[in-house]
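> fold the following for me, if possible:
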Amino acid sequence: RDPGDLCLRCTAVGGTVMAFKDLERLTRTPEGVTTFIERPDGTRLHCIAVGEGPVVVLAHGIFNELRCFNLVLEQLLNRHVRIILFDQRGHGQSSIGADGLGSRQMAGDYKAVLEHFDVTDGILVGHSMGAFLAVVLAENHPTVVEARLRAMLLVSGHAGIAAKGSLQNQLQIPLIRVGLMPLILSSKWLGRLFIRTLFGTVAQEEHVEVTRAILGANSTKDRVALVDFQVREDHYPALGQIKVPTIVVCGEQDRTCPRWHSERLGAEIPGARNTWLPDVGHVVVYEAPEIIDREVASLISLCPVRET
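Sure, this is the predicted structure:
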């Protein structure tokens, strides 16, 4: 179900009606030039490009869509940058080709996006699984990263073994594997209760509702491979191969990708630095979009365009 088809003004929760004035702003598809990139295995990647200036590529997390960056997009466009967003394969308007869902296939999608838009000196922003796949991209396509990126921003991210140290993941992964997650998220009360655990101390009601709707539409049982490769694979030994300046952002109340992931990313990626967000959980794209905007700006200023 498309969250854009939701009632955008109100929703029933616990027998009451709650007004969400910002739902339309949060769920609308960003304006820009829409492109579908055809991959060799038949996957079609839904992409949107908007703005002019230094290139920023936004890569969302598991079961999410490019629309989760709407608040980030609003802030970044004030900086006169060119933003490229895309739905990961199997999410939103992107399809799943014959090669299915796997980290290497999806890192290959990143490569295809960078090459299609002829990105040079871009900044890659990955949230959650989007950050994980940025690590896989750097491991498997180092020359692409060297040629096309000036920096990376890894937000609420990890480099594999995602269930380690996360009770939340250990509890929810079996629900995803047996196909119960869409059913849970379809319940406004139970779904909102679950989604609230992804946030930190404060969570705006409309942010919880939009996250519930989008994740409910994308967390179907046929996409369980997205969970499996993040739990099974360990790309931490490859962090030393990342050669571009990197900032690692983590909410101190993140239960999905606990602090130890970002500690390792910051310690083992050469020259990386950490930014810690008190009271913030996993969903930094909604909880602290201004921090993503700020760190992108710092990377633009600290990493000048390279001479060709």
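> for the nearest residue to residue 72 once chain neighbours are set aside, what are its contacts?
Computed as Cβ to Cβ, 6 or more residues apart in numbering, the closest residue to residue 72 that is not its neighbour in sequence is residue 289, at 4.5 Å. Backbone N, C-alpha and C define where each C-beta goes, glycine included. Residues near residue 289 by Cβ atoms under 8 Å, 6 or more residues apart in numbering: 71, 72, 74, 75.
> and those residues, which of them are buried?
Listed as buried from the contacts of residue 289 are 71, 72, 75; burial here means 16 or more other Cβ atoms under 10 Å.
> got JSON lines for those, with distance to residue 256, secondary structure and pLDDT too?
Shown next, in JSON lines, are these (distance: Cβ to Cβ, whole Å; DSSP: H, G, I helix; E, B strand; the rest coil; pLDDT from 0 to 100):
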{"residue": "71", "distance to residue 256": "19", "secondary structure": "helix", "pLDDT": "97"}
{"residue": "72", "distance to residue 256": "18", "secondary structure": "helix", "pLDDT": "98"}
{"residue": "75", "distance to residue 256": "23", "secondary structure": "helix", "pLDDT": "95"}
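> just the buried positions in stretch 194-207, please.
For stretch 194-207, burial by neighbour count (16+ other Cβ under 10 Å) applies to 194, 195, 198, 199, 200, 203, 205, 206, 207.
> looking at those, which are in helices?
Judged by DSSP state H, the buried residues of stretch 194-207 include 194, 195, 205, 206, 207 as members of helices.
> picking that back up, from the buried residues of stretch 194-207, which is closest to residue 56?
The shortest approach to residue 56 among those belongs to residue 207, at 21.8 Å (Cβ to Cβ).
> re earlier: could you identify the most distant pair in the ones in helices among the buried residues of stretch 194-207?
194 and 206 (16.7 Å).
> pLDDT (mean, whole number) over the helix or strand encompassing residue 124?
Using DSSP states H and E, residue 124 falls within strand 122-127. The pLDDT scores in strand 122-127 average 98.
> report the angle between the helix or strand following that strand and strand 122-127.
The helix or strand immediately downstream of strand 122-127 is helix 129-140, counting by DSSP H and E. Here the directions of helix 129-140 and strand 122-127 differ by 130 degrees (axes from the mean of the first three to the mean of the last three Cα atoms, to 10 degrees).
> SS state for residue 70?
Of the three states, residue 70 takes helix under DSSP: H, G, I helix; E, B strand; the rest coil.
> how close does it sit to residue 235?
Distance, residue 70 to residue 235, by Cβ to Cβ, to the nearest Å: 29 Å.
> re the thing from before, quick one: which of the buried ones among the contacts of residue 289 is nearest to residue 222?
residue 72 (28.8 Å).
> the closest one touches residue 286, doesn't it?
No. Residue 72 is beyond contact range of residue 286, at 9.1 Å (criterion: Cβ atoms under 8 Å).
> residue 302 and residue 247 touch, don't they?
No. Shown here, residue 302 and residue 247 do not form a contact pair, counting by Cβ under 8 Å, at 9.4 Å.
> contact partners for the residue nearest the centre of the chain?
Nearest to the geometric centre of the chain sits residue 60, at 2.2 Å (Cα atoms, centre = their mean). By Cβ under 8 Å, 6+ apart, residue 60 lies in contact with 66, 68, 69, 87, 88, 91, 127, 128, 129, 130, 285.
> grab the nearest non-local neighbour of the last one.
The one in question is residue 285. Nearest one to residue 285, counting by Cβ to Cβ, 6+ apart, is residue 68 at 5.1 Å.
> surely that neighbour and residue 286 touch.
Yes. The pair formed by residue 68 and residue 286 meets the contact definition of Cβ under 8 Å, at 7.5 Å.
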